[in-house]
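1. Here is my input, please return the structure:
(chains A and B)
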Amino acid sequence: MKHVMLSATILTVGLLGSAAGPMAQGGSVTGTVKFSGTPPANPKVDMSDEAACKGKYPTDPVITVTGGNLQNVLVYVKSGLPAGPKVTAPTTPVVVDQEGCLYHPRTLAVMAGQPLEIRNSDPVLHNIKVVAKKNRGFNISQPAKGMKTTRTFTAQEIAIPVACNVHGWMHANLNVFAHPFFAVTGADGSFTLKGLPAGTYEVEAWHEKLGTQTMSVAVPATGSAAATFTFKAGS
Amino acid sequence: MTDRVRAGLRTSCERGRWVPERALVRQWRELDDGAAPAHYSAGRDPPAREPDLRPLCILAFVVVFGVLAVPVAPAQEGAANARGKELYDKWCAECHGETGAGDGAAATHMLPRPRDFTRAVFQIRTTASGELATDDDLRRIIDEGMPGTAMPGWRGRLNAADRDAVIAYLKTFSTFFEGATPQPITLGRAPRGTAEGIAEGRAVFEKLECFKCHGELGRGDGQSAPTLTDDWDQPIHAADLSESWNFNGGSTVQQIYTRLRTGLDGTPMPSFSDAIDANVITDEQLWRVARYVRSLSPEEPPRPRDVIRAAVVARLPAGPEDSAWAMVEPAYVPLVGQIVVKPRWFGPAVTAVWVQALHDGQTLALRLTWHDRSSSPDPAWDEWLGRMRDAMSDGDAPVAAEQGPDRLHVQFPVRWSDDVERPYFLGGSARRPVSLWRWSSDGDMLQEGTSTGLGRFTPAAAGNATHSARYDRGEWALQVSRPLVPADSAAAIPFMPGRAIPIAFFAADGSNGEDDVRGAVSAWYAVYLDVPAPPRVYVAPVVAVLVSAGLGLLVVREAQKQAGRLNRREG
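-> Sure, this is the predicted structure:
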């Protein structure tokens, strides 16, 4: 439940981000990411060596499907944006929590310059290693419960690996955007990209395991265009 | 020899791991300058006294680089820095690649891999985690090299202007350096060191859970150790903190503290600066951790000695854990990857064997200890083995899919020889076989026999040696005892007090993919058995004391008698 709420926070932040920009009045893309068929079993995680996390999460929730809706999908405008004034990054941080030796949420999206707040809710040592190519990665430790660290990023980059080396199973992914038109799906699989000027955009849905799907979406000057993505096992 | 091959020889044979002693480096330089030592150019085995790893280095690097002596296509010119490019292409590209991507021809034979400059991620820095290295940081690495890796120091080879030209050129491989002036973090001063400080450092080490990777005793055998990878998905060992001479960024308390503050970017080792900012620990506590970590290694880096002394004792230790061994100083025997006989091995896990020896006039006892991050096979290391397979299967036969046992071999010549020539150091030869003790963790077995080359072993019909082994938190300890005079002197050398017996070692870590002839080897050393003192050494002084005391008594008595007589006469 906790990470559902956190994901919802991310979604909200994404919306706030877009609302903060000068194009807040424009159209939007609204839709849902679906999963058809039976989702594959998630990998088992053996946390028996870590007393504080042992037994909390028996599997790594790579693919989370609730009522046919797929969670943790990054949806963003890939191309088609007109050159325009630079949108200021929101100052509200996106929060990632380490709890039960997993990341919540596991798919993170920030605008360049927007703070990413990393929290440790576990009474154990975690290190947070970010291996980026276009941004400067880092590797910092959080040896105590309640510790918070904030970092920002500079350049657009998708699927930056985030990992803990103390707990080899802990993985998240970080996505940095130069614009505010991105969202991460929560448990209901829904997303909204708001404040887009009228135009036709290439919108991409990206999942860490299931890959990408793109579609062309015509956005009106006001009002909303619908987009539904459907992933399948092995797609 | 072309410059390119010579560069390869230089860079690879000077790495701390492969060349145990500065003297060898000096000899290398002689060789490099064309003044090859006579015994080498004569093509003979090296003389009996010096541990010699040069044949290994030569062979491997001629093999590895021989095919590469082809001109490099001119790469994109770094802004008017022709000198930097020329030097880089000549000395650095072999490992770091023409485009700086860490993918030079020799790269797949190195673990850790050479640095990929295109990402501008540097391990040894004075800047915060994720920041670029300063020019001074880069200068230090080029001048001094990186212990525990293949990166040699270039001081004395590249003058300051040339070294700076190379730095300017390698910075062009990444756009991150454009217009950047990385700043070092502010480092405080070390608090005074006390015994309590070290104890507190240990407490903080435990609080920070450093043992999760580095192990309880710091031997790099923590529970997370088998899962570690670097930023390029290559397997990477948690540092063995008891071998400070292999620390990539240097072994002083200040250097260790700096690594704790900055982290080692590109590796799993994080920065602890944020933990200070968040008041989880104090700066002083982190200094104490550094001091504690430093205390896990000897004050001075160990130096190999040619001769390992076996003193005489009345009673030999009963096993490797017998406290009697604590009185015997261990001799350091560095090991290097076996890169002569195929399948060659460029990623050895065992860096050294420590040897202790005692005898009682009847039996020789050796205690051999070596650090090994697992007692193989260990399922926790399956994932590690898979990564080693991917990383190190290039070229020769692929690394085995299953973990083998841990192994330690001890070799002696089969018989005494009056000339200085010893058998070939890699398991002997048909002409000069060696006598071999082959210990394996599989069933804790010790096999004796003769060998006519690496992997060519004939077990003996009957053994003479007894042994006992134990594994404890990253270390094997093995005691082997053998009568000085074996039952069958034709198959095994008699150990003679007063003489130095050639001895050499081979170690393999099964969970690291080291099967067959893959492993780490030493050069020849020697065990010298002290001559037991004959009984008269103990009897003679006693007799002398008694005789002189007796004579003294006689003199005193005679004097007393005379005095008595005089007294009576006068009375």
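2. Chain A contacts on chain B?
-> Applying C-beta under 8 Å from any C-beta of the partner chain, one finds that chain B approaches chain A through B:119, B:121, B:128-132, B:176, B:207-209, B:212-213, B:223-224, B:227-229, B:231, B:263-265, B:267-275, B:278, B:280-281, B:383. Any C-beta I mention is one placed from the backbone N, CA and C, and that applies to glycine too.
3. C-terminal to the worst-scoring helix or strand of chain A on mean pLDDT, which secondary structure element comes first?
-> None of the helices or strands of chain A scores lower by mean pLDDT, DSSP states H and E than helix A:2-20, at a mean of 39. Next in sequence after helix A:2-20, counting helices and strands by DSSP states H and E, comes strand A:27-36.
4. quick one: strands adjacent to the helix or strand just after that following strand?
-> Sequence order places strand A:65-66 as the next helix or strand after strand A:27-36, per DSSP H and E. If you go by DSSP bridges, strand A:65-66 pairs up with strand A:69-70 (antiparallel).
5. Could you list the alpha-carbon positions for the very next helix or strand once past the strand it pairs with in PDB?
-> Sequence-wise, the next helix or strand downstream of strand A:69-70 (DSSP H and E) is strand A:74-79. Output of strand A:74-79 as PDB, limited to C-alpha atoms (Å, rounded to 0.1, in the frame of the first residue of the first chain):
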ATOM      1  CA  LEU A  74       7.200   5.700 -17.400                       C
ATOM      2  CA  VAL A  75       5.100   7.600 -19.900                       C
ATOM      3  CA  TYR A  76       6.600  10.600 -21.500                       C
ATOM      4  CA  VAL A  77       6.700  12.800 -24.600                       C
ATOM      5  CA  LYS A  78       9.500  11.500 -26.600                       C
ATOM      6  CA  SER A  79       9.400  13.900 -29.500                       C
END
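6. list the buried ones in strand A:74-79?
-> The neighbour-count check on strand A:74-79 (16 or more other C-beta atoms under 10 Å in any protein chain shown) flags A:74, A:75, A:76, A:77, A:78 as buried.
7. Would you mind listing where the chain has pLDDT under the threshold?
-> Using chain A here. Applying pLDDT under 70 to chain A flags the ranges A:1-24, A:234-235.
8. that's the wrong chain, I meant chain B
-> Using pLDDT under 70, chain B drops low at B:1-80, B:395, B:419-420, B:570-571.
9. Which segments of it make up each domain?
-> Per automatic domain parsing, the domain ranges recorded for chain B read B:3-177, B:195-295, B:307-529, B:536-571.
10. Turn the ones you listed into TSV, columns for mean neighbour count.
-> As requested, these are exported to TSV (neighbours: other C-beta atoms under 10 Å in any protein chain shown):
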stretch	mean neighbour count
domain B:3-177	18
domain B:195-295	21
domain B:307-529	19
domain B:536-571	10
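11. Residues contacting stretch B:312-332, please?
-> With C-beta atoms under 8 Å, 6 or more residues apart in numbering or on different chains as the test, stretch B:312-332 has contacts from B:302-305, B:308-309, B:311, B:352, B:354-361, B:363, B:365, B:367, B:369, B:468-470, B:477-479, B:481, B:497, B:525, B:530-533.
12. and the residues you listed, which of them are in helices?
-> Per DSSP state H, helices hold no members of those.
13. Run through the residues of chain A sitting next to chain B.
-> Residues of chain A lying close to chain B by C-beta under 8 Å from any C-beta are A:49, A:124-125, A:127-131, A:133, A:136-144, A:147-149, A:165-168.
14. Derive a PyMOL selection command for the buried subset of those residues.
-> The buried residues among these can be selected in PyMOL (16+ other C-beta under 10 Å) with this line:
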select buried, chain A and resi 124+125+127+128+129+130+131+136+137+138+139+140+141+142+143+144+147+149+165+166+167+168
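15. Among the residues of chain A next to chain B, which lie within strands?
-> A:127, A:128, A:129, A:130, A:138, A:139, A:140, A:141, A:142, A:148, A:149 (DSSP state E).
16. of the residues you listed, closest to residue B:394?
-> The closest of these to residue B:394 turns out to be residue A:129 (C-beta to C-beta; 26.4 Å).
17. show me what contacts the closest one?
-> Contacts of residue A:129 by C-beta under 8 Å, 6+ apart are A:137, A:138, A:139, A:162, A:163, A:164, A:165, B:231, B:268, B:270.
18. Span of stretch A:104-122 from start to end?
-> Start to finish, the residues bounding stretch A:104-122 are 12 Å apart (C-alpha to C-alpha, to the nearest Å).
19. Show me which positions of it end up buried.
-> Quick answer for stretch A:104-122 (16+ other C-beta under 10 Å): A:104-112, A:114-116, A:118-120, A:122.
20. from the residues you listed, which is closest to residue B:201?
-> residue A:120 (23.0 Å).
21. Quickly note the distance from the closest one to residue A:173.
-> Distance, residue A:120 to residue A:173, by C-beta to C-beta, to the nearest Å: 19 Å.
22. ok and the residue in the stretch 251-400 of chain B nearest chain A?
-> Shortest the stretch 251-400 of chain B-to-chain A distance, computed as C-beta to the nearest C-beta: residue-wise this is residue B:268, at 3.4 Å.
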